[in-house]
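[1] need the 3D shape of this:
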Amino acid sequence: MELPSIASLIDESLALERAGDIAAAFRKAYEALEKARCLDEPDVLAQALVCLARVRFRLGQYQEAKELAGEALALTPPNAAAHIEALLRLGACSAETDSLTEAEDYYWRAINLARESGYSLLRFRALHNLAAGVYMPRGQFDLALAADEEACRIASEQGFSEWLVHPLTLITWVCLLTGRQQQARATLDALEHQAPPGSAHQGYAICLAGHLALDEGDGDRAYALYTQARAIAEATGEPWINIMLRIGMSRYHRIAGNGPAARAWADDALGFAARVRYHHMQGDAFIERARAFWLCGNLTAAETDLCAAIDLLTPLGAAFDLARAWLVLAALRFARHAPPHELYAAWQEAVSRIVSGGYTFLLEQERALAFPLLVSLLDSDDPNVVAVSRTLLGHLARVPPPPLRVQTLGRFEVRQRQRRIEKPALRQRRAGELLALLLLNPGRSLAFDQAAEMLWPDKGPSAAQTAFHHATSALRRILEPDLPDKFPSRYLEVEEGLITLHLPPGSWVDVEAFEAHCQQKDWETALSLYGGEFLPEYRYADWTIAPRERLVLLYQQALLEAARARLAAGRLAEALDACRRLLALEPWHEEAVLLGMRACVALNDLPGARRLYLALEKALREDLGTTPQRKLQAFYRSLTPPVAP
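    Next up is the predicted model:
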């Protein structure tokens, strides 16, 4: 009678914990343990101990949780599920109390035992805990991704779909931190589909979506998402969401230039992290509050907070956050004209950590701070500082710049994430035309002779060379307006009279996507991408004529094929619409008229069918001096009632 009762209590406790009702989960777990202690069943007692340890852990009672898990470990053999559960709990307690080496050992023991004993779910959980509890706070992002990608594979193969929210959350977070927005967005989409409404994991997803929106420059959306995440954070009490949304709100206000609001939110994040003893996130909150103090003009308080973050994060081995803190500290000292030895010490520490940790993406993320500092220190009178700065410059050249999104059909528009490059800038020294030519050419490369012939046919070689140089420089400045003069462009490579455009991962060009979907015979998607005439701004440029005509013909083919498919599928009005759009471009297109007439007949619109034919007949007679094909004439006659004698 007792064994099912204890098992039921444990199951109820776990369900309540996952639902966020920690108080009720604690009561059920405590009752299960009290009953289990009355039995002579070590395995049952171990399960109850681990269950209560889970709840104690969620309450932040790490020492109590550790003692319960240790007792369970001593009661069970290594191949028992409760033994592995106890290792997981011990690892989690160690991770939360900043003993990452100890946590790593517990997790690896759990992984190996779960593999040997065939416990797939336990191996999944141990891999994820290793990624989230050890690799992530250390800043070992590649290891974290590898562990959680393996966890995702296990979950998919074994049917643990409800557990996928855990690795998907961490993978999204890693991608955001490391500047992989495209991958972050894809993983976030999967997470949003998996997370139950109102759950902590939905809160994670919303908070991460806010971070992504802020990274992409969409502050209004970020603010709305953080507000939404806060409601879930308050309902569930989940510490991570509570702290991260506050840090996100501080960053939102800082970017908007509201220093006092940024500081208030950072204060709140710092207080929350301190209360729940999340030291790693406390360090993050110190860094964010330092940025808010800096914005408010209190550079002394900003430096104090950065030093506090460094002191807190150093024992944790939080390599990424330390690199970030040292970089901001170096920039702050540069801004307040600190003594050279103080500036150089912070800069060398920052560069050392950025290079050794593989965090050069930080330079792109913090370009407003890092680039001016790097330019200045390349001219330092200290040869060691110059050498360090040159090393970092070499690493920066390998960091992808923001992806581009280029619209050429219907309008010429270039965006870097949310930033739209203004049209007047593209007109400077024919920079926009040079960019368009590069997009058109194979390999996105263009020789000086080709550019001169297309853009400056009336200029002599010397004048054309000067114009080419000016256009290249203007395009470089347009694409990277805050890139210092000494930095090589990461979009443009000029070598021996040849200029090449390098589009970073995540870039998109509408005309390339349109042509690719046409090749795949995905006509509907192709039509959705065709926004109109190719490069209308350069309608009268000779070099646009051939590609424009080719794209119009491809668009006509897409319309015709879509009309056929729509008619066959019974989508009559849509088929007729495609035919009319095609006839607006080419009024003599007999196949389009035939398909349109058939659609009209199916829609019981005989007059409409006749009008299509008569318009074609008139256009052929007046423009080409010919008549419709016999098949079309016969079809028209079949729709025309005979004239009474």
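[2] and the most centrally placed residue in the chain, what does it touch?
    The chain has residue 181 as the residue nearest its centroid, 2.4 Å off, counting by Cα atoms, centre = their mean. With contact taken as Cβ atoms under 8 Å, 6 or more residues apart in numbering, residue 181 is in contact with 175, 212, 215, 216, 403, 417, 506. Backbone N, C-alpha and C define where each C-beta goes, glycine included.
[3] now tabulate those in CSV and tack on neighbour count, secondary structure and pLDDT.
    Converted to CSV, those look like this (neighbours: other Cβ atoms under 10 Å; DSSP: H, G, I helix; E, B strand; the rest coil; pLDDT from 0 to 100):
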residue, neighbour count, secondary structure, pLDDT
175, 22, helix, 94
212, 20, helix, 93
215, 18, helix, 88
216, 17, coil, 84
403, 16, coil, 89
417, 15, coil, 75
506, 16, coil, 84
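[4] from these, pick the one nearest residue 437.
    Taking Cβ to Cβ as the measure, residue 437 lies nearest residue 403 of the contacts of residue 181, at 20.2 Å.
[5] ramachandran coordinates for residue 499?
    phi -110, psi 130 (degrees, to the nearest 10).
[6] ugh, wrong one, residue 522
    phi -90, psi 80.
[7] what does the lowest-mean-pLDDT helix or strand in the chain contact?
    None of the helices or strands of the chain scores lower by mean pLDDT, DSSP states H and E than helix 2-18, at a mean of 79. The contact list for helix 2-18 (Cβ under 8 Å, 6+ apart) reads 22, 24-26, 28-29, 31-32, 35-36, 38-39, 41, 44, 47-48, 51, 54-55, 58, 199.
[8] let's see 6 Å
    24, 25, 28, 29, 31, 32, 35, 36, 44, 47, 51 (Cβ atoms under 6 Å, 6 or more residues apart in numbering).
[9] and for stretch 249-259?
    Against stretch 249-259 from outside (Cβ under 6 Å, 6+ apart): 219, 222-223, 226, 261-262, 265-266, 288, 291-292, 295-296.
[10] now do stretch 215-234
    Residues outside stretch 215-234 that contact it (Cβ under 6 Å, 6+ apart) are 203, 206-207, 209-210, 213-214, 241-242, 245, 248-249, 252, 417-418.
[11] measure residue 564 to residue 552 for me?
    19 Å (Cβ to Cβ, to the nearest Å).
[12] give me the pLDDT for the residue nearest to the centre of the chain.
    Residue 181 is assigned 85 on the pLDDT scale.
[13] distance of it relative to residue 276?
    29 Å.
[14] what of residue 88?
    Residue 88 is 20 Å from residue 276, by Cβ to Cβ.
[15] show me the strands in this protein, by range?
    Along the chain, the segments classed as strands by DSSP state E run 404-407, 413-416, 419-421, 445-447, 492-495, 498-501, 508-509.
[16] show me how the protein divides into domains.
    403-564, 570-645 (automatic domain parsing).
[17] most neighbours among the contacts of helix 2-18, please name it.
    Counting neighbours by other Cβ atoms under 10 Å, residue 51 leads these with 30 neighbours.
[18] touching, it and residue 31? I think so.
    No: using Cβ atoms under 6 Å, residue 51 makes no contact with residue 31, being 10.3 Å away.
[19] follow-up on the earlier one: more crowded one of residue 88 and residue 276?
    Taking neighbours as other Cβ under 10 Å, residue 88 and residue 276 compare with residue 88 leading, 26 against 17.
[20] got the contact list for the more buried one?
    110, 126.
[21] ok, it to residue 587 distance?
    Taking Cβ to Cβ as the criterion, residue 88 is separated from residue 587 by 72 Å.
[22] now stretch 60-77 - C-alpha only, CSV.
    Provided in CSV are the C-alpha atoms of stretch 60-77 (Å, rounded to 0.1, in the frame of the first residue of the first chain):
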residue,chain,number,x,y,z
GLY,A,60,18.0,28.3,-3.1
GLN,A,61,18.7,26.0,-0.2
TYR,A,62,21.8,24.5,-1.7
GLN,A,63,23.5,23.1,1.4
GLU,A,64,20.3,21.3,2.4
ALA,A,65,19.8,20.0,-1.1
LYS,A,66,23.4,18.8,-1.2
GLU,A,67,23.0,16.9,2.0
LEU,A,68,19.8,15.1,0.8
ALA,A,69,21.4,14.2,-2.5
GLY,A,70,24.6,12.9,-0.7
GLU,A,71,22.4,10.7,1.5
ALA,A,72,20.7,9.3,-1.7
LEU,A,73,24.0,8.7,-3.3
ALA,A,74,25.2,6.6,-0.4
LEU,A,75,22.1,4.4,-0.4
THR,A,76,22.1,3.3,-4.1
PRO,A,77,24.4,1.4,-6.5
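[23] report the buried residues of that stretch.
    If you call a residue buried by 16 or more other Cβ atoms under 10 Å, then stretch 60-77 has these buried ones: 61, 62, 64, 65, 66, 68, 69, 70, 72, 73, 75, 76.
[24] what about the fourth one, distance to residue 96?
    Residue 65 sits at a distance of 9 Å from residue 96 (criterion: Cβ to Cβ).
[25] low-confidence ranges, this structure, go.
    Scanning the chain for pLDDT under 70 picks out the ranges 1-4, 20, 486, 641-645.
[26] let's see 50
    For the chain, the stretches flagged by pLDDT under 50 are 1-2, 644-645.
[27] need the longest helix for the protein.
    Longest helix in the chain, counting residues (DSSP state H): helix 545-568.
[28] which strands and helices lie in contact with that one?
    In terms of contacts (3 or more Cβ pairs under 6 Å, 6 or more residues apart in numbering; DSSP states H and E), helix 545-568 is packed against helix 523-529, helix 572-585, helix 590-602.
[29] and the last one with helix 572-585, angle?
    Using axes from the mean of the first three to the mean of the last three Cα atoms, to 10 degrees, the inter-axis angle of helix 590-602 relative to helix 572-585 is 150 degrees.
[30] and helix 590-602, what's buried?
    Buried, per 16+ other Cβ under 10 Å, within helix 590-602: 592, 593, 594, 595, 596, 597, 598, 599, 600, 601.
[31] from the residues you listed, which is closest to residue 614?
    residue 593 (10.0 Å).
[32] which residues in the stretch 1-150 of the chain form helices?
    2-18, 22-36, 42-58, 62-75, 81-96, 100-117, 120-130, 136-138, 141-158 (DSSP state H, counting those that start in this stretch).
[33] out of those helices, nearest to residue 235?
    helix 22-36 (12.2 Å).
[34] nearest spatial neighbour of residue 335, chain-adjacent residues omitted?
    residue 299 (7.1 Å; Cβ to Cβ, 6 or more residues apart in numbering).
[35] so the one you found is in contact with residue 336, correct?
    Yes: using Cβ under 6 Å, residue 299 is in contact with residue 336, at 4.8 Å.
[36] among the contacts of residue 181, which pair sits farthest apart?
    Longest span within the contacts of residue 181, Cβ to Cβ: 175 and 417, 14.7 Å.
[37] fine by me, we can end here.
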